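1. I'd like to go over a predicted model; first the sequence, then the structure.
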Number of protein chains: 2
Amino acid sequence: MPIRLSSLFLRTLREDPADADVAGHKLLLRAGYIRRAGAGLYTWLPLGLAVKAKIEQVIREEMAAAGAQEVFFPALLPREPFEATGRWTEYGDNLFRLQDRKKADYLLAPTHEEMFTLLVKDLYSSYKDLPLSIYQIQNKYRDEARPRAGLLRGREFVMKDAYSFDTTDEGLRASYQAQRDAYERIFTRLGVDYVVVKADAGAMGGSASEEFLSPSPIGEDTFVRSAGGYAANVEAVATVAPEKIAIDGQPAAEIVHTPECSNIKRIVAFSNENKKRTDGAEWTAAHTLKNNVMALISPEGKRELVIVGLPGDREVDIKRAEAAFSPNEIEQANEDDFAKHPELIKGYIGPVKDGKAILGLEGVSKIRYLLDPRVVEGSAWLTGANEKDKHVYGLVAGRDFSADGVIDIAEVRAGDQAPDGSGPLELARGIEIGHVFQLGRKYAEALGLQVLDENGKLITVTMGSYGIGVTRLVAVLAEANHDENGLIWPAAVSPADVYLVAAGKDEVVYETAEKLAAELEAKGKSVILDDRLKVSPGVKFGDAELIGVPNIVIVGKGLENGEVDLWNRRSGERRSVRLESAVAEIVKG
Amino acid sequence: MPIRLSSLFLRTLREDPADADVAGHKLLLRAGYIRRAGAGLYTWLPLGLAVKAKIEQVIREEMAAAGAQEVFFPALLPREPFEATGRWTEYGDNLFRLQDRKKADYLLAPTHEEMFTLLVKDLYSSYKDLPLSIYQIQNKYRDEARPRAGLLRGREFVMKDAYSFDTTDEGLRASYQAQRDAYERIFTRLGVDYVVVKADAGAMGGSASEEFLSPSPIGEDTFVRSAGGYAANVEAVATVAPEKIAIDGQPAAEIVHTPECSNIKRIVAFSNENKKRTDGAEWTAAHTLKNNVMALISPEGKRELVIVGLPGDREVDIKRAEAAFSPNEIEQANEDDFAKHPELIKGYIGPVKDGKAILGLEGVSKIRYLLDPRVVEGSAWLTGANEKDKHVYGLVAGRDFSADGVIDIAEVRAGDQAPDGSGPLELARGIEIGHVFQLGRKYAEALGLQVLDENGKLITVTMGSYGIGVTRLVAVLAEANHDENGLIWPAAVSPADVYLVAAGKDEVVYETAEKLAAELEAKGKSVILDDRLKVSPGVKFGDAELIGVPNIVIVGKGLENGEVDLWNRRSGERRSVRLESAVAEIVKG
């Protein structure tokens, strides 16, 4: 039976809803696919549910082809397993927590690593049972600080999350590859544009990790790619460190009175005026060593200061820093922090004072000091001297100062070199639609998932986790497939195959349209039929464009000449065909 | 592709799990359909998910046939709509409540009346848009005090909840009937035994209401039926009040010293010894008026006492009392309550003292006094005299005492008369699997759902709500369809059409089984194939019985003679057929 607009639970809107922020989301609301139910919470109307169901069906088919079996977990889960892996705390404010009537702690699961691990532990005990890949398509919950762009970042959303279980690293790599291949097939079938980028492991722990990003100007993720094929999300880009420089022969460091030079712009200007470089070049921010005092807040609320030294021409990239310091949150140091550390003179912080280490391994300050990979051994820097209005010139790394470690959180710039030598990077924005991840043994160890090997010895299982944002894909597809008049769905996810408009007042128009709909459905084509009697053709055409089924058929004026119109929503092309050949033409596509 | 036991994520258990309480639930766990994830929380394994999906598909088809359209709401919802209808409070401890990071109140929805009402208000504004029936199949949450019997009473469970919207009462009745008819088709197709009983409106407010109960000794609901076709759940049975009796000519009430007769048994015995009845009959408990002091606790926690007078041979039925006093909770009065009311002498409570009303409209006590319908005008009673060791004989209702109202909460007994005159009642137990309900205008009024009528006047919409416990149905079907060896699914919900066992060591057995499986699937039959190489036929047959696909095919010893065995799991019948005609025989059924 066709979906009839005369009875479909739908109201299309002529105006953009006030609270919608991006084009695709506005159109999903206007065309009656979804409605807002609360901050980051959406209700699926019949058309939206049809699109979502199509996506889920493609995922199910490709999961089956990849040998993954479907299960279904509760969304409401007890605290204990998440306590065992530390995620109860690590998730911070992003986790919805609640108590039951007995005051026992529960959560709404953001992902299900723990539960999958425990389920396999519960059922399986031998290497013979593995490898195993299982998945679910299920509601997830994240208490986002800033829900945005409708389905793109909601607080209740649908994910496909899959997990693989292997006894060996090679096994894990094969399971990972099978999921990765399935993802490529899924996104290709759905008509989603995507790139696969190397991803930072982030809060999840583990090793190899790739993200599937759909390039989009509204994306929250920045990724880089080189002409030579390198692609990574910005958190995962490893900076190419320059060669070490010989220390021997470099002039001694020199402390200079630099009045009112508490920022980089001023010290550079001052230096160019008062302190010519031996190589004759101009001083630039890249010659300075900037020392950022940052506060890390642990999930338990503990505050720790850390100082990060990096070339003065680069800012700290917050996302890279968050990834590097995860699960801690990050803030700039505040007045209180500085008050507790009188050794730090704002605007003049550096690793040494009067030739003695103040920061780093041998420093007198207890604050951890970390350096950007560009600060290689032998590189000389202009930096603060830890005294008001004083800087030190020619401070050589590895001779005059050292650090507690290296940290790679400076911004990545277009033109930076790809770490694999494949050339300069360009930056783009994307939306994360999938994530494949070699978790390794972290969860299995935390929760005791072991099986007996061929020799009867207990070994710890190694795992992978693989996610697709199902409801987010609806938003991505809407965003990537629309024009000013409405949505234009890829055929694979369209709520129907054909959108049939009965445009006119004569009974024969409606009778013909009904007959065409029945014939199309008999040929296996699903049909939305606009059979509304008291609605003008103009309104009907507007709704047809807004709703965005790619193939529109109009039974209208042409009927007098025995013709109907086929309208390609994407190209805009419209042509008349004989009524008697219409079904064949439509089925042919 | 068949589901192969060699790779299926499954472990069958030989022993009953410790925490399982009823037979069907034990078998669902043992046969690998579900696993426990927490108190009242279950994980669906592949076989269980297949059964659940089949039930959902039947529901979807019949909802579509009834003209209902599918939508999908969040499970996580803001407090405000539930505040507007009072359910935020009324649900008491059964509601899972939580706060987000901004300390805003949310809940996990137990049902979605409010959200459906608001959605229709959001989209529709005219009588022309109605009638409308919409539904979802979705996870629900209830913080049950005593989760039990696995899927039968869980804390996260799947429901189909549908709602109808009409402008007129006749429209509501038609929408209600369409859903009711769909329910009959659904339960019939699924092979569930059911009775439709009149139901109490309970906490939901509204008018006509029927429950679909599946008769079962493990059911929590008691229902009654008469040979003449009356059926009701026990909360909904209206007592047939006896005829009034003439007051004139009845002897005056008499207060008698009745030492140590603080319970009914003793006062009956005392009376039979010391106080002959004028009609010559023996005194029985039915001649006494028992006055129960109960405490009602409102959702806000307010405690109010109420006294219920009923014949001494009947107990208060807690479920009937809960329904009658809903949304209040009920307790027996405690020592504190009695201490605050010295006028109440335990064991001797009655409506009058020294000829003066103490309870009821004109009584001195402020406690509400309610009477069972059997205490009709003119009926004479033996009851307490509100003094220790004293009773009053011949206290006549309507002459000597009155009440603040009538309440029908005495137990219903086998042999009681059906209220429609269709004969004596018998009692049985059942599990509620569906509920259809004319809500009326309660929710529409609370949330302001109005539409314009033909005359441009705003009218309030009238609603129905219609629920099916989807996951509970799995439990009901398992409970009703098993023997000591395992489950026996009705064909409509079986995880596969055919269960094919390759029993033997020869390669030809496995090759033949694979070929048969492929042929069956080509004929549209889904197959589970036990292709495990190192498992004995005995274990395979045991698993086949446990898993409970109704049609089992064995490729084993008979193959030497060109035969395979067809095994009807339900009847136990086993017969050999020629290999070459096997597919035809199986497809024929």
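-> Here it is on my side, so go on. Residues are numbered from 1 along each chain as shown, chains lettered A, B, ... in the order given.
2. mind listing the helices for chain A?
-> Shown for chain A, the helices assigned by DSSP state H span residues A:23-30, A:46-65, A:80-84, A:87-90, A:113-123, A:169-190, A:264-274, A:318-325, A:335-340, A:442-447, A:470-480, A:507-522, A:537-547, A:579-588.
3. Could you save these as TSV and add columns showing mean pLDDT?
-> Below are the helices of chain A laid out as TSV (pLDDT from 0 to 100):
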stretch	mean pLDDT
helix A:23-30	96
helix A:46-65	98
helix A:80-84	94
helix A:87-90	91
helix A:113-123	96
helix A:169-190	97
helix A:264-274	93
helix A:318-325	90
helix A:335-340	92
helix A:442-447	93
helix A:470-480	97
helix A:507-522	97
helix A:537-547	97
helix A:579-588	94
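4. any idea which of these is most buried?
-> Mean neighbours per residue, mean count of other C-beta atoms under 10 Å in any protein chain shown, is largest over those for helix A:470-480, with a mean of 25. The way it works is simple: take the backbone N, C-alpha and C, and place the C-beta from them, glycine included.
5. How far does that one sit from its chain's centre?
-> How far helix A:470-480 lies from its chain's middle: 13 Å, per C-alpha atoms, centre = their mean, to the nearest Å.
6. Kindly report the same for stretch A:505-513.
-> Relative to the centre of its chain, stretch A:505-513 is centred 49 Å away, using C-alpha atoms, centre = their mean.
7. Could you do stretch A:253-269 as well?
-> 41 Å.
8. Check stretch A:177-197 too.
-> 15 Å.
9. any idea how chain A splits into domains?
-> The record's domain split for chain A, according to automatic domain parsing, is A:52-237+A:426-472, A:254-406, A:496-588.
10. picking that back up, adding distance to B:I431, write the helices of chain A out as a markdown table.
-> Shown next, in a markdown table, are those (distance: least, C-beta to C-beta, whole Å):
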| stretch | distance to B:I431 |
| --- | --- |
| helix A:23-30 | 40 |
| helix A:46-65 | 30 |
| helix A:80-84 | 31 |
| helix A:87-90 | 36 |
| helix A:113-123 | 28 |
| helix A:169-190 | 40 |
| helix A:264-274 | 74 |
| helix A:318-325 | 51 |
| helix A:335-340 | 62 |
| helix A:442-447 | 36 |
| helix A:470-480 | 33 |
| helix A:507-522 | 39 |
| helix A:537-547 | 43 |
| helix A:579-588 | 48 |
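11. out of those, which comes closest to B:A269?
-> Comparing those by their distance to B:A269 (C-beta to C-beta), the top pick is helix A:80-84, with 57.6 Å.
12. and that closest one, what other elements does it pack with?
-> helix A:113-123, helix A:442-447 (3 or more C-beta pairs under 8 Å, 6 or more residues apart in numbering or on different chains; DSSP states H and E).
13. Would you tell me which of those gets closest to chain B?
-> Nearest to chain B, of all those, is helix A:113-123, at 4.4 Å by C-beta to the nearest C-beta.
14. rewinding a little: can I get the helices and strands packed on helix A:80-84 in CSV with distance to chain B?
-> Below are the helices and strands packed on helix A:80-84 laid out as CSV (distance: least, C-beta to the nearest C-beta, whole Å):
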stretch, distance to chain B
helix A:113-123, 4
helix A:442-447, 14
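15. Tell me which of these sits nearest to B:N272.
-> Each of the helices and strands packed on helix A:80-84 has some distance to B:N272 by C-beta to C-beta; the shortest is helix A:113-123, at 63.9 Å.
16. any weak-confidence spans in the stretch 401-550 of chain A?
-> Judged against pLDDT under 70, the stretch 401-550 of chain A has no low-scoring part.
17. Contacts only, for the residue in the stretch 301-450 of chain A positioned nearest to chain B.
-> For the stretch 301-450 of chain A, the residue closest to chain B is A:E329, as judged by C-beta to the nearest C-beta, at 13.0 Å. A:E329 sits next to A:92, A:296-297, A:322 when contact means C-beta atoms under 8 Å, 6 or more residues apart in numbering or on different chains.
18. What of A:S402?
-> By C-beta under 8 Å, 6+ apart, the contact set of A:S402 is A:351, A:357, A:360-362.
19. Tell me the buried residues within those.
-> Using 16 or more other C-beta atoms under 10 Å in any protein chain shown as the burial test, the contacts of A:S402 include A:351, A:357, A:360 as buried.
20. Look up how far A:I307 lies from the closest residue to the second one other than its chain neighbours.
-> Pointing back at A:A357 there. In space, and not counting its chain neighbours, A:A357 is closest to A:G363: 4.4 Å by C-beta to C-beta, 6 or more residues apart in numbering or on different chains. Separation of A:G363 from A:I307 (C-beta to C-beta, to the nearest Å): 10 Å.
21. what touches both of those two?
-> A:Y369.
22. More neighbours: which of the two?
-> A:I307 (25 against 22; other C-beta atoms under 10 Å in any protein chain shown).
23. From B:L447, how far off is the more buried one?
-> Note on A:I307: its distance to B:L447, by C-beta to C-beta, is 56 Å.
24. list the contacts for the residue lying closest to A:T512 once chain neighbours are set aside?
-> Nearest residue to A:T512, sequence neighbours excluded (C-beta to C-beta, 6+ apart): A:V555, at 5.1 Å. Taking C-beta under 8 Å, 6+ apart, we find A:V555 in contact with A:500-504, A:509, A:512-513, A:516, A:564.
25. what two of those are the furthest from one another?
-> Spatially, the most separated pair among the contacts of A:V555 is A:G504 and A:L516, at 13.8 Å (C-beta to C-beta).
26. Double-check A:S216 against A:R429; I have them as touching.
-> Yes: judged on C-beta atoms under 8 Å, A:S216 makes contact with A:R429 at a distance of 6.4 Å.
27. Compare these two (neighbour count), which wins?
-> Per other C-beta under 10 Å, whichever of A:S216 and A:R429 has more neighbours is A:S216, with 21 against 15.
28. Identify the residues contacting the more buried one.
-> Contact partners of A:S216, counting by C-beta under 8 Å, 6+ apart, are A:429-431, A:476, A:479-480.
29. what do you get for A:P351?
-> Contacts of A:P351 (C-beta under 8 Å, 6+ apart): A:289, A:291, A:309, A:357-360, A:363, A:369, A:383, A:395, A:400-403.
30. for it, phi and psi?
-> phi -80, psi -20 (degrees, to the nearest 10).
31. any idea how far A:N481 is from it?
-> 53 Å.
32. same question, A:P495
-> Per C-beta to C-beta, A:P495 is found 13 Å from A:N481.
33. what do the two both touch?
-> Overlap of the contact sets of A:P495 and A:N481 (by C-beta under 8 Å, 6+ apart) consists of A:W489.
34. now the strands for the stretch 251-400 of chain A?
-> In the stretch 251-400 of chain A, the strands defined using DSSP state E, counting those that start in this stretch lie at A:254-257, A:289-297, A:303-311, A:329-332, A:352-353, A:356-357, A:368-371, A:380-387, A:390-396.
35. Bridged to the closest residue to A:L76 other than its chain neighbours, which residues?
-> Take A:L76 and drop its neighbours on the chain: the residue closest to it by C-beta to C-beta, 6+ apart is B:E156, 5.0 Å away. Beta-bridge partners for B:E156, by DSSP bridges, are B:Y141.
36. wait, what's in contact with B:E156?
-> A:74-76, B:40-42, B:139-141.
37. 7 Å instead?
-> By C-beta atoms under 7 Å, 6 or more residues apart in numbering or on different chains, B:E156 lies in contact with A:74-76, B:41, B:139, B:141.
38. Same check on A:Q250?
-> Contacts for A:Q250 (C-beta under 7 Å, 6+ apart) come out as A:380, A:394, A:396.
39. redo that, cut-off 8 Å
-> A:378, A:380, A:394, A:396, A:399.
40. JSON lines for the residues you listed, including pLDDT?
-> Below are these laid out as JSON lines (pLDDT from 0 to 100):
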{"residue": "A:G378", "pLDDT": "95"}
{"residue": "A:A380", "pLDDT": "94"}
{"residue": "A:G394", "pLDDT": "93"}
{"residue": "A:V396", "pLDDT": "95"}
{"residue": "A:R399", "pLDDT": "93"}
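41. Please pick the buried ones from the residues you listed.
-> Neighbour-count burial (16+ other C-beta under 10 Å) is assigned, among the contacts of A:Q250, to A:378, A:380, A:396, A:399.
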